[in-house]
Every structure is written in C-alpha cells, then in structure tokens.
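# this one's structure only:
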DNA sequence: CCAGCTAAGTCCTGTAATGAAACTCAGCGT
DNA sequence: ACGCTGAGTTTCATTACAGGACTTAGCTGG
C-alpha cells in the first residue's frame, strides 16, 4: 500500500487513485448516473464497477439514490456529492495535460467552456495574491503544521 | 485496459495513472532524483519502482541522466522534463482536494507558496475571459474536433 | 590486490487485483 | 406464466503487486 506519510496527495489517491475510479467520476461529471451507463461507456468489468461505486459511496463522493421512471420499478442511481464535485479540478488538470501532450491528431474530444461567457476553461495555478499562470518552478513547498519528519 | 474512447483524461491516466506513478512524480517535484531516494521515501517495492521509472522515461516525463559525485562512480538519476513538469497542476489539484476533504487533524503536511510573493498557491478553474473560482457547475463540455460518437 | 560497501537494479515466489463470462434477482409488460 | 431488463454477484483464469534475496560495477580501506 501507499505510505501515506501524512501527504494529502497520497491520501487523495487512496480514495480516487484505484484503477477506473477517475474514469467513473469523469462519466459522473458528464451527467451519467446509472450502472449500465457507466459500464457501457467505460467498458469496465461489472464486478469492478460495482466494487468501485461502493467504495466511492463509502467515501462520500457519490450518493446512492433511488429513482423510479414511470412504468418501471424503482432503481438506484449514483450522484456526485459536493465532496465529489470538488474533484473536478483534478479531472480538468488531467484533461489539460492530455490535450497538450498526448492529444489525438484530430484535436481534443471535448472542450470545456464557462457556462456564463462561453470562454474555454482550464485548471490554472494561482497564488492568493492574484498572480496566475504559475508553473512548478514558480512554486515552493514548505512544511506545514501536519508535517512529520522521515526516519 | 482503459477504453480510451479518445478521451484525454483516459490517455493521461494511461501514462501516469498506474499505481505509484503520481507518488514518484510528487517526489520528483520535491527535488528527489535518485532510485534510493524514491524507494526510501515512498516505500514502493524496488522492482515496481524500476518498472515505473522506465515507463515514465519512455513517455518522456523523466529523463535518465548520468551524474558523478566526486570519489564515486557514475550513476543514473531521473529528472523531470518539461512535459513532466506540466503535470504539476494535477498534483496540486490532488493536494488541494486532500487538504480540504481528507486532511490530517494536525493540518496540511506541506504548504505551497508563490516563490516571488509568498502567497499560498492553489489549482483554480478559470476561463480565458478571466472569470475565476469556477466550479463544476459553472463549466459545460461540448464535443470538440476529435469527438467520436459512442455506439 | 582482495574483501567489503553502496547504489541501482533484477529475479523469484506467494498473494492480491483484475477481466470476462455466466449466473442471480426482482419486478414489469404481455 | 414467461421472458425482458437493470443491477448487480459468482467463478475462475490471468495479470499485477509486494517483499525478500540476489546481482553488478566500481570505489576504498586494509
């Protein structure tokens, strides 16, 4: 397993870093909610899909809710919680990198835009003082209150 | 395997989505470059570490370079390429989510700050028109030039 | 010059995760 | 009563992972 070493990256990956989990969440952000939708669109094995959905529900990222279409029996569906919706920047960052570095020759398959103004949307590193378009070289890490020394 | 379905998220995950890969990259961003450093700090099995490093080099995310400390024989080290450094927003997004939703009670173990001004740094969704602090609800996806219909 | 040390791996073996297909289950429509 | 459908569960072969022992190449101290 991961040595969590009290690192938030490792802890996040313990929750959503299993194979398929981020693709399931991508489909959830695209509006899919039902087992068969996830299964058909992602192509994941059914037993793994069931296992991943359970894990995501247990972690409070998805909610299992009952719905009933007229003339159908009641079924379950999976909806993003607020905690789950907060994962969106991770998916956008993955999308941005993929579009830039491992893109399809045809171009991106999906474009994100701001619902209000229509402009393209990206995940950007910014500081609270308002400086934007930061890169890894502009950023420095310092130990925080939860830091623990390595043996 | 992943059904890539021409999705940049899936393609990115094929490159860095294997277990341990993002933790190796986290250590690379923290300035670590050598096999033993990665192994000790992450706790990954040596055979997997060797395998992951090879994969990341093949994908152009790390460069294997020879170095020689005085009085030591020449050894290899692994440095981030520009393509690898562009993965930073993904790690920052993972860090932000972890700090917010699965934090250690003591607080975050590491704080990121802007090297120039010292202010905290986060991954933020922004549109090209300058609207910031967007959430998943503010963003809409539309098919792009590389889009393919699902059967 | 030879044994020991070290970084950087490789090899081997048991355990765990994955993938594909078949099976179950409950209610609906006919 | 019978088959259909969505949502899983079971089974089993395949693959990946984890951990420890082993290897290799060049110092370095004796």
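That came in fine, so what should we check first? Treat the numbers as computed from the prediction; the structure is a model and nothing was measured. Numbers count the residues shown, from 1 in each chain, chains lettered A, B, ... in the order given.
# packing partners for the helix or strand encompassing residue A:124?
In this assignment (DSSP states H and E), residue A:124 forms part of strand A:121-127. When contacts are defined as 3 or more CB pairs under 8 Å, 6 or more residues apart in numbering or on different chains; DSSP states H and E, strand A:121-127 packs onto helix A:88-101, strand A:110-114, helix B:88-101, strand B:121-127. Just so you know, the C-beta spots here come from the backbone N, C-alpha and C atoms, and that holds for glycine as well.
# Same list, the ones you listed, but as a markdown table with mean neighbour count, mean pLDDT and distance to residue A:28 please.
Converted to a markdown table, the helices and strands packed on strand A:121-127 look like this (neighbours: other CB atoms under 10 Å in any protein chain shown; pLDDT from 0 to 100; distance: least, CB to CB, whole Å):
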| stretch | mean neighbour count | mean pLDDT | distance to residue A:28 |
| --- | --- | --- | --- |
| helix A:88-101 | 23 | 98 | 10 |
| strand A:110-114 | 20 | 97 | 15 |
| helix B:88-101 | 23 | 98 | 15 |
| strand B:121-127 | 22 | 98 | 17 |
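# can those go into a markdown table with extra columns for distance to DNA strand C?
Shown next, in a markdown table, are the helices and strands packed on strand A:121-127 (distance: least, CB to the nearest atom of the strand, whole Å):
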| stretch | distance to DNA strand C |
| --- | --- |
| helix A:88-101 | 18 |
| strand A:110-114 | 23 |
| helix B:88-101 | 18 |
| strand B:121-127 | 26 |
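# what does chain A have sitting close to DNA strand C?
A:18-20, A:43-48, A:51, A:71-73 (CB under 7 Å from any atom of the strand).
# chain center to the strand holding residue A:124, what's the gap?
16 Å (CA atoms, centre = their mean, to the nearest Å).
# what comes into contact with it?
Residues outside strand A:121-127 that contact it (CB atoms under 8 Å, 6 or more residues apart in numbering or on different chains) are A:89, A:92-93, A:96, A:112-114, A:132-135, A:138-139, B:88-89, B:92-93, B:113-114, B:117, B:119-128, B:132, B:134, B:139.
# what's the angle from that strand to strand B:121-127?
Orientation check (axes from the mean of the first three to the mean of the last three CA atoms, to 10 degrees): strand A:121-127 against strand B:121-127 gives 150 degrees.
# Okay, helices next: where are they in chain A?
If DSSP state H is used as the criterion, the helices of chain A fall at A:8-16, A:21-29, A:35-42, A:46-58, A:82-85, A:88-101.
# which helices and strands does the third one pack with?
If I follow you right, that is helix A:35-42. helix A:21-29, helix A:46-58, strand A:75-80.
# per-residue confidence averaged over it?
Averaged across helix A:35-42, the pLDDT comes to 96.
# Next: the fourth one.
For helix A:46-58, the mean per-residue pLDDT is 98.
# buried residues in that helix?
A:48-49, A:52-53, A:55-57 (16 or more other CB atoms under 10 Å in any protein chain shown).
# Verify the contact between residue A:90 and residue B:90 for me.
Yes. Shown here, residue A:90 and residue B:90 form a contact pair, counting by CB atoms under 8 Å, at 6.7 Å.
# Next one: residue A:48 from residue A:39, what distance?
Distance of residue A:48 to residue A:39, computed by CB to CB, to the nearest Å: 10 Å.
# what residues are shared contacts of these two?
Contact with both residue A:48 and residue A:39 is made by no residue, according to CB under 8 Å, 6+ apart.
# Dump the helices of chain A into JSON lines; add distance to DNA strand D as well.
Shown next, in JSON lines, are those (distance: least, CB to the nearest atom of the strand, whole Å):
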{"stretch": "helix A:8-16", "distance to DNA strand D": "11"}
{"stretch": "helix A:21-29", "distance to DNA strand D": "12"}
{"stretch": "helix A:35-42", "distance to DNA strand D": "4"}
{"stretch": "helix A:46-58", "distance to DNA strand D": "3"}
{"stretch": "helix A:82-85", "distance to DNA strand D": "16"}
{"stretch": "helix A:88-101", "distance to DNA strand D": "18"}
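# nearest to residue B:83, of those helices?
Evaluated with CB to CB, these place helix A:88-101 nearest to residue B:83, the distance being 5.4 Å.
# tell me the phi and psi of residue A:117?
phi -120, psi -10 (degrees, to the nearest 10).
# Look at it and report its pLDDT.
97.
# what do you get for residue A:139?
98.
# any idea how far residue A:83 is from it?
25 Å.
# Enumerate every residue touching the residue lying closest to residue A:41 once chain neighbours are set aside.
What sits nearest to residue A:41 in space, not counting adjacent residues and going by CB to CB, 6 or more residues apart in numbering or on different chains, is residue A:27, at 5.5 Å. Residue A:27 sits next to A:37-38, A:41-42 when contact means CB under 8 Å, 6+ apart.
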